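Q: Predicted model and sequence below, questions to follow.
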Amino acid sequence: MRKLKKAVLALIATTALAAPALPAAAEDIFVPLFTYRTGPFAGSGTYIANGMHDYLEMLNQRDGGIGGVKIAIEECETGYNTTKGLECYEAVKPKHPVIVNPWSTGITLPIIPKAAVDKIPVLSMAYGLSASSEGETFPWIFNPPDTYWDGMSMIIKYIAAQEGGLAKLKGKKIGYLYLDAGYGKEPLPFLADLSKELGFQTKLYPVAAAEMQNQSAQWLNVRRDRPDYMIMYGWGAMQPTAVKEAVKTNYPMEKFISIWWPSEEDAKGAGKEAAGFKTLNWHAATPDFPVIKDIEKHVVGAGKSQTPKDQLGTVLYNRGVYNSMLIAEGIRTAQKLTGKKVVTGEDVRRGMESLNIDAARLKELGMDGFAGPIKLTCADHNGHRPTFVQRFDGAKYVKVSDWIEPMHDKVGPLLKADAKAYAEKNAGWPKRTEPCDAK
Amino acid sequence: MFYREVGQFKTSYAADQAIFPIRQDRIGLALILAVAFIGIPLIGGEFMIASVMIPFLVLALAAIGLNILIGYTGLISLGTGAFMGVGAYACYKLSTLFPQVNIIVWIISSGLVSCAVGVLFGLPSLRIKGFYLAIATLAAQFFLQWCFVRVGWLYNNNPSGAIEVPLHTLFGIPITGATAKPLTRYYVVLTIVVVMTWFASNLVHGRIGRNWMAVRDMDIAAQLMGIRLLPAKLLAFAVSSFYAGVAGALMVFLWLGAAEPEAFNINESFVLLFMVIIGGLGSLIGSFLGAALIHILPIIVRTTPGALGLSIGSATAEHLTYIITGGLILFFLIVEPHGLARLWQIAKQKLRVWPFPY
């Protein structure tokens, strides 16, 4: 009995210890990183987590933080699981994070309404709710540099360019292979509109989340339908499976174009035959930049990170770096706007809204040519930046197209209508009261 | 010594048949309720309330529902996650169609919708048993989840494909949506869970519960004794789905705040099944113990190193959590294959004769 009592006491003690979260030091800027190095999506998540962590750690090591203030980095493991992600959010909230990155659409959606209440801006970089690009409705949410509708419009434009103009799409057959969840279904109405307008035929191949690794049925249909082009919106295990199945089906890889999520590993699994597979991207996929060299010198080389050296410069690693660069620049802009050193979530929201990273600034950051310039405003929290197409050559991705602008005239009204509908459906959605800095 | 019923005489049949015939039990229950209603709100931080207690209560409620089906009636179900989903989507539809009606009414009503769906999928239970029934309910799981993804009407054709929870109030205080305080949400969830547990306890200790248990132990014998199998089994499905449905509605409206269909996938069903098995089949307190072990234990394991000042990587912590939690589950099952509830029973028995065991 004594043993049991002891065990119970120990349990109570640990619970009591665990309940109050340790506050970050007051003179730091607290940036939590929601990551997933475990679970079914770890294959993609580990790269992103490493990239995000290493860039911020590099700023700490090289410059002593941002504007002389150290960044307190803390990772919280979500496993790409919504309930765990929310647990992370509740766990970091008392430590006053200046920004959160959910890195999962499922986690982003419940956090969106909380952001305004808790005064914590949310950066969902090119994922999450597309309509949250409308700053007038969603002052606390930022999703640069593109929405999934922008992505679809750019893929269609690229296909049109291959065929020799939008008019030539008439009568073509375009297959759309997508994750049968909110993310993959979002572009459907847009695709339907475009196909009506441009006269191409769409074939839909939904892949249920539980069936990601078994796509033989979908690819059997692809073989029967013989679409001229295939578009993919996938994530996690769906992507390598799709590439493998495409190779098995003898689908011409040059005509298989994905949104920006596949990594090198996703294509490599299918071997040399996967060469020709294309994806959209908005940043470089090589380590040949001063910023990556600095990371190598100050962080990876110094043993301050879990990143293996050969991971530097891969697509998703660099995406993590880009994500952290946006955070860091948001904080820097906030410091400039407020004159404070230790900024709060409210300040960083203003900073993100006034974010203006031009070519000169990119050069200062050691990212000359790493990505295009980006400027956010109070109304536009996305930027709708052009992207390019990169081709997998059997080992790495190589840029093969110029920058492609999204169809602003078509995507813009859709986003506006969608943001309006969101506010209407969620009765009592707060009107924007946050002042606007950028004129 | 502390736990002896010596001297507690029953003077009426009602007193003898009471659910808690021993005074110490009643005191214990009162203490637990006092801790839940007063103690935890006083000492618990926001994290404790929002991420530990609310999910624990919601999961425990769903586990009670599943326990009624598996533990009391002996019908295996792998569709609890989907039935929770039915409750959540029903509540979403009802509250968006008639936003002026109080949300509590809709949370309870959505249980009835889930109840109807549960009865429908419970029909095969008359002819098939055991693993075969598990497969039939698995079909329910997949079919319902397919509906959540494909039937746009269910989520009002939101482009995000998710259901989002707007602001609802009770007596003028926000209880759902982002402005609702965790404490308010906690009280609402706690009240509903306490009332429904009390109801379930009366149900399983009464005539209906005895019918269920007779069916569980041997359905042919039960039939010979005059228990009509179809109503008994369907009632178990109905009540079980009702509990799952209310738990699902609570999960989306008072815990998560928004949900994708993925929230109600097969994993959710399995996790609930584990809770019931580890907690103890055929025991209400087991449902709570199981939910605590599966939900709260990982949180403790995860936060302990940080609280002790040890810095380990988040991924390592996660792996450790899996290892330790898995190990503990094995440990508990080896020590007591009948679940934590049985362990609790044994502890009670030992306490009764302590310090002079015979």
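A: Nice, I can see it. Numbering: from 1, shown residues only, chains lettered A, B, ... in the order given.
Q: Now for the closest residue to B:Val335 other than its chain neighbours: which residues touch it?
A: Of all residues not flanking B:Val335 in the chain, B:Leu343 sits nearest, at 7.2 Å (C-beta to C-beta, 6 or more residues apart in numbering or on different chains). C-betas here are computed from N, CA, C, even on glycine. Residues in contact with B:Leu343 (C-beta atoms under 8 Å, 6 or more residues apart in numbering or on different chains) are B:332, B:335-336.
Q: quick one: which of the residues you listed sit in helices?
A: Residues of these located in helices (DSSP state H): B:332, B:335.
Q: pLDDT added to the contacts of B:Leu343, as a markdown table?
A: Compiled in a markdown table, those are given as follows (pLDDT from 0 to 100):
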| residue | pLDDT |
| --- | --- |
| B:Phe332 | 82 |
| B:Val335 | 84 |
| B:Glu336 | 82 |
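Q: which of the contacts of B:Leu343 are buried?
A: B:332, B:336 (16 or more other C-beta atoms under 10 Å in any protein chain shown).
Q: possible to save the contacts of B:Leu343 as CSV with distance to B:Arg26?
A: Listed next are the contacts of B:Leu343 as CSV, based on distance: C-beta to C-beta, whole Å:
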residue, distance to B:Arg26
B:Phe332, 28
B:Val335, 29
B:Glu336, 26
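Q: As a check, name the ranges of all strands in the stretch 1-150 of chain A.
A: Along the stretch 1-150 of chain A, counting by DSSP state E, counting those that start in this stretch, strands occupy A:29-35, A:71-77, A:122-123, A:141-142.
Q: Verify the stated contact: A:Ala419 with A:Ser130.
A: No - at 9.1 Å, A:Ala419 does not count as touching A:Ser130 under the criterion of C-beta atoms under 8 Å.
Q: worst-scoring helix or strand of chain B, pLDDT-wise?
A: Here the helix or strand of chain B ranked lowest by mean pLDDT, DSSP states H and E is helix B:297-307, holding a mean of 80.
Q: looking at chain A, which helix or strand is least sure?
A: Min over SSEs of chain A, mean pLDDT, DSSP H and E: helix A:2-18 (a mean of 47).
Q: who touches residue 298 in this structure?
A: Going with chain A. So A:His298 contacts A:57-58, A:61-62, A:304 (C-beta under 8 Å, 6+ apart).
Q: That was the other one, I meant chain B.
A: Neighbours of B:Pro298 in contact, by C-beta under 8 Å, 6+ apart: B:321, B:325.
Q: what's the answer for B:Tyr186, then?
A: For B:Tyr186, the contacting residues are B:40-41, B:49-50, B:53-54, B:57, by C-beta under 8 Å, 6+ apart.
Q: Equivalent analysis for A:Lys119, please.
A: A:140, A:344-346, A:349.
Q: Now tabulate those in TSV and tack on pLDDT and neighbour count.
A: Converted to TSV, those look like this (pLDDT from 0 to 100; neighbours: other C-beta atoms under 10 Å in any protein chain shown):
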residue	pLDDT	neighbour count
A:Trp140	93	28
A:Thr344	91	17
A:Gly345	91	20
A:Glu346	91	16
A:Arg349	93	27
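Q: Tell me how far the closest residue to chain A within chain B lies from B:Arg150.
A: In chain B, no residue comes nearer to chain A than B:Gly161, which is 3.0 Å away by C-beta to the nearest C-beta. To B:Arg150, B:Gly161 is 10 Å away according to C-beta to C-beta, to the nearest Å.
Q: and what of B:Thr73?
A: 32 Å.
Q: Comparing those two, which residue is more hemmed in?
A: B:Thr73 (28 against 14; other C-beta atoms under 10 Å in any protein chain shown).
Q: check contacts around that one.
A: Residues in contact with B:Thr73, defined by C-beta under 8 Å, 6+ apart, are B:212-213, B:215-216, B:232-233, B:236.
Q: So which of the strands of the stretch 1-150 of chain A is the most surrounded?
A: Comparing the strands of the stretch 1-150 of chain A by mean neighbour count (mean count of other C-beta atoms under 10 Å in any protein chain shown), strand A:141-142 ranks first with a mean of 28.
Q: tell me the average confidence for that strand?
A: For strand A:141-142, the mean per-residue pLDDT is 93.
Q: List the contacts of that strand.
A: Under C-beta under 8 Å, 6+ apart, the answer for strand A:141-142 is A:112, A:115, A:121-124, A:128-129, A:132, A:326, A:330, A:352, A:376, A:381-382.
Q: now do 10 Å
A: A:99, A:108, A:111-113, A:115-116, A:121-125, A:128-129, A:131-135, A:326, A:330, A:348-349, A:352-353, A:355, A:376, A:381-383 (C-beta atoms under 10 Å, 6 or more residues apart in numbering or on different chains).
Q: now, which of the residues you listed lie close to chain B?
A: With the criterion set as C-beta under 10 Å from any C-beta of the partner chain, the members of those near chain B are A:108, A:111-113, A:115-116, A:128-129, A:131-132.
Q: Which of those ranks first by neighbour count?
A: Counting by other C-beta under 10 Å, A:Gly128 has the largest number of neighbours within these, with 30 neighbours.
Q: wait, what's in contact with that one?
A: By C-beta under 10 Å, 6+ apart, the contact list for A:Gly128 reads A:102-109, A:111-112, A:122, A:138, A:141-143, A:147-148, A:182-183, B:160.
Q: Let's see the pLDDT reported for it.
A: 86.
Q: Tell me where the model's unsure across the chain.
A: No chain specified, so I'll use chain A. A:1-26, A:438-439 (pLDDT under 70).
Q: Can you look at chain B instead?
A: B:1-2, B:358.
Q: hmm, try it at 50
A: Applying pLDDT under 50 to chain B flags no residue at all.
Q: Strands of that one, start to end?
A: B:163-164, B:168-170, B:173-176, B:258-259 (DSSP state E).
Q: and what of the stretch 201-350 of chain A?
A: A:201-207, A:229-233, A:256-258, A:278-281.
Q: Could you dump these into JSON lines and include mean neighbour count and distance to chain B?
A: Listed next are the strands of the stretch 201-350 of chain A as JSON lines, based on neighbours: other C-beta atoms under 10 Å in any protein chain shown; distance: least, C-beta to the nearest C-beta, whole Å:
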{"stretch": "strand A:201-207", "mean neighbour count": "18", "distance to chain B": "9"}
{"stretch": "strand A:229-233", "mean neighbour count": "25", "distance to chain B": "13"}
{"stretch": "strand A:256-258", "mean neighbour count": "24", "distance to chain B": "20"}
{"stretch": "strand A:278-281", "mean neighbour count": "24", "distance to chain B": "20"}
